[in-house]
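Asker: 3D, please:
(one chain, ligands or ions: 1)
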Amino acid sequence: MTTYAALEEKYGARNYAPLPVVLVRAEGVHVWDADGRRYIDMLGAYSAVSHGHRHPRLVAALTGQARRMDVISRAFLSDRLGPFLEKACLMTGMQRALPMNTGAEAVETALKAARKWAYAVKHVPADAAEIIVCEGNFHGRTIAISGFSSCAQYRNGFGPFPPGFRQVPFGDAHALAAAIRPNTAAFLVEPIQGEGGVIVPPDGYLARCAEICRASNVLLICDEIQTGLGRTGRLLAADHEGVRPDGLLLGKALGGGLIPVSLFLSRSDVMDVFTPGDHGSTFGGYPIGAAVGYEALVVLEEEGLVDRSARQGAYMLDRLRALRHPAIVDVRGKGLFAGIEFDPKAFKAADICYALLKNGVLTKDTLRNTVRFAPPLTIERPDIDRAVEALADVLAAVPA
Ligand code: PXG
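Answerer: Model (predicted):
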């Protein structure tokens, strides 16, 4: 433990504050530390591990493709990219998809598409396009994305930022309607805010936003990098409201927990603004990424992971809501995506996570003094029970 911590401390940047555990092995919903101690992974790498760690079919897709053909760049076609894009479009009801690697790159792609669409199709005057985002958003860490964050730490010291973004309160469709102007290109929103503290908006919010956007010819772009691919008990969180967005972002679990794979998907008339040379990425859609992304989608379907998430998630939320403790302010979520908010006067969510670690459960706190449970969608009831009981034990041990 100390050696690895010391190496990271000495040679790494100090941009993370990891919990003091060195993980060496992972399988399914479990991870092991260097001493052979087993933990339940209730973080699932912030929803990147939905299929379970090292899913055999995904490992086979990765290694099989690595043995056949590696990166070739987008200067040439591959036999892997087309089928991956087709699968992603058919599953999500979108018309086209542009592959990138990380979530932040997919978000940047959406912002570029929305701006170019605004000029080319909506005839917004040059350099005047605006994109509306939500307070409490989290869309990644690039300069542009950090610039429209409402979290001071994400912005402080990193300016100047690109203009053209405005914030509205999350969950308030009237505020969106009032903020739209003739130059508004798009509204970028997480259907459930993940890093903001697992914030579930009022029922009907997204559907109302979709109507408002449609009426004003504004693109509705849903960032489902965290909420997508079954996390909330539907394939997309937008499905809960019967909403088909104009633009959609997928990432994290799309890489099957193995490699970074992301997509910006959209209607054809939006994607068609891109011409050769406008945008791209060396590794975006490379054969290994496409092979793993394709298999991740197929496994999601064939193993019924979305339904599992709905079923096991309802069970997990029921059990969490049954925890009675004066310091629990709120339990919220959908599917296998839950946030347990604690009264900051009672204790810090970070301290709960540390105590959970000692009890064999891994997770991390997020904004609003909230502990998040977002395990792999393959989790079974006994592990949900163990995790919830560990939380109950931890709460019982600390005075409220
Ligand atoms: N959109 C949403 C909704 C996210 O939660 C991103 C975009 C960016 O994805 P990438 O792949 O660029 O990280 C996220 C990421 C971290 C961290 O360590 C990031 C996320 C969650 C927790 C930690 O920066 N979400």
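Asker: closest residue of this structure to the ligand?
Answerer: The nearest approach of the chain to the ligand comes at G103, 2.2 Å away (Cβ to the nearest ligand atom). To be clear about C-beta, it is placed using only N, CA and C from the backbone, and glycine gets the same treatment.
Asker: could you find the closest non-adjacent residue to Y154?
Answerer: Excluding the flanking residues, the one nearest Y154 by Cβ to Cβ, 6 or more residues apart in numbering is S146, at 4.9 Å.
Asker: could you pull out the buried residues of the helix or strand encompassing that neighbour?
Answerer: Using DSSP states H and E, S146 sits within helix 143-147. Within helix 143-147, the residues that count as buried by 16 or more other Cβ atoms under 10 Å are 144-147.
Asker: immediately after it, which helix or strand?
Answerer: Criterion used, DSSP H and E; the element after helix 143-147 is helix 152-155.
Asker: show me which positions of the very next helix or strand once past that following helix end up buried.
Answerer: Next in sequence after helix 152-155, counting helices and strands by DSSP H and E, comes strand 165-168. Burial within strand 165-168, assessed by neighbour count using 16+ other Cβ under 10 Å, is assigned to 165, 167-168.
Asker: would CSV of the residues you listed with distance to A128 and pLDDT be doable?
Answerer: Below are the buried residues of strand 165-168 laid out as CSV (distance: Cβ to Cβ, whole Å; pLDDT from 0 to 100):
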residue, distance to A128, pLDDT
F165, 13, 98
Q167, 18, 98
V168, 19, 98
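Asker: which members of these additionally contact the ligand?
Answerer: Residues of the buried residues of strand 165-168 in contact with the ligand (Cβ under 6 Å from any ligand atom): none.
Asker: so for stretch 269-279, mean pLDDT?
Answerer: For stretch 269-279, mean pLDDT is 97.
Asker: how about the CA coordinates for it, as CSV?
Answerer: Extracted C-alpha coordinates of stretch 269-279, given in CSV (Å, rounded to 0.1, in the frame of the first residue of the first chain):
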residue,chain,number,x,y,z
ASP,A,269,-29.4,16.9,-40.5
VAL,A,270,-27.3,17.7,-37.4
MET,A,271,-24.5,15.3,-38.2
ASP,A,272,-24.5,16.3,-41.8
VAL,A,273,-22.9,19.7,-40.9
PHE,A,274,-19.6,17.9,-40.5
THR,A,275,-17.5,17.6,-43.6
PRO,A,276,-14.1,15.9,-44.0
GLY,A,277,-11.5,17.6,-41.9
ASP,A,278,-14.0,19.4,-39.6
HIS,A,279,-13.5,17.1,-36.7
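Asker: circling back: let's have the buried residues of strand 165-168 in CSV, adding distance to A114.
Answerer: As requested, those are exported to CSV (distance: Cβ to Cβ, whole Å):
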residue, distance to A114
F165, 11
Q167, 16
V168, 16
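Asker: just give me the closest of the residues you listed to S268.
Answerer: For the buried residues of strand 165-168, the residue nearest S268 by Cβ to Cβ is F165; the value is 25.7 Å.
Asker: ok, now which ones touch that closest one?
Answerer: By Cβ atoms under 8 Å, 6 or more residues apart in numbering, the residues touching F165 are 130-133, 144, 147-148.
Asker: try 7 Å
Answerer: Counting by Cβ atoms under 7 Å, 6 or more residues apart in numbering, F165 touches 131, 133, 147-148.
Asker: and of those, the nearest to V371?
Answerer: For those, the closest approach to V371 (Cβ to Cβ) belongs to V133, at 25.8 Å.
Asker: the host helix or strand of that closest one pairs with which strands?
Answerer: Using DSSP H and E, V133 sits in strand 130-134. Note on strand 130-134: by DSSP bridges, its sheet partners are strand 165-168 (parallel), strand 184-189 (parallel).
Asker: the helices in the stretch 51-200 of the chain, which residues?
Answerer: Counting by DSSP state H, counting those that start in this stretch, one finds helices in the stretch 51-200 of the chain at the ranges 56-68, 81-92, 103-120, 143-147, 152-155, 173-179.
Asker: so of those, which one's packed in deepest?
Answerer: Of the helices of the stretch 51-200 of the chain, the one with the most neighbours on average (mean count of other Cβ atoms under 10 Å) is helix 103-120, at a mean of 23.
Asker: counting by contacts, list what it packs against.
Answerer: strand 96-100, helix 143-147, strand 184-189, strand 219-223, strand 247-250, strand 262-266, helix 268-271 (3 or more Cβ pairs under 7 Å, 6 or more residues apart in numbering; DSSP states H and E).
Asker: that one to strand 184-189, inter-axis angle?
Answerer: Counting by axes from the mean of the first three to the mean of the last three Cα atoms, to 10 degrees, helix 103-120 points 160 degrees away from the direction of strand 184-189.
Asker: so who does K122 touch?
Answerer: The neighbours of K122, taking Cβ under 7 Å, 6+ apart as the test, are 185, 217.
Asker: now with 10 Å, please.
Answerer: 114, 129, 182-185, 217-219 (Cβ atoms under 10 Å, 6 or more residues apart in numbering).
Asker: for I225, same thing?
Answerer: Contact analysis of I225 by Cβ under 10 Å, 6+ apart lists 46-48, 102-104, 106-107, 138-140, 190, 194, 231, 248-254, 262-263.
Asker: one more time with 6 Å, if that's ok
Answerer: Residues near I225 by Cβ atoms under 6 Å, 6 or more residues apart in numbering: 103, 249, 251-252.
Asker: for A114, same thing?
Answerer: If you count contacts by Cβ under 6 Å, 6+ apart, then A114 has 131, 185-186, 219 around it.
Asker: over to V329?
Answerer: With Cβ under 6 Å, 6+ apart, V329 has these contacts: 341, 343.
Asker: so it belongs to a strand, correct?
Answerer: Yes - counting by DSSP: H, G, I helix; E, B strand; the rest coil, V329 is part of a strand.
Asker: okay, it: pLDDT?
Answerer: 96.
Asker: buried ones in stretch 42-60, by neighbour count?
Answerer: In terms of neighbour count (16+ other Cβ under 10 Å), stretch 42-60 has its buried residues at 42-55, 58-59.
Asker: mean confidence score for that stretch?
Answerer: The model assigns stretch 42-60 a mean pLDDT of 98.
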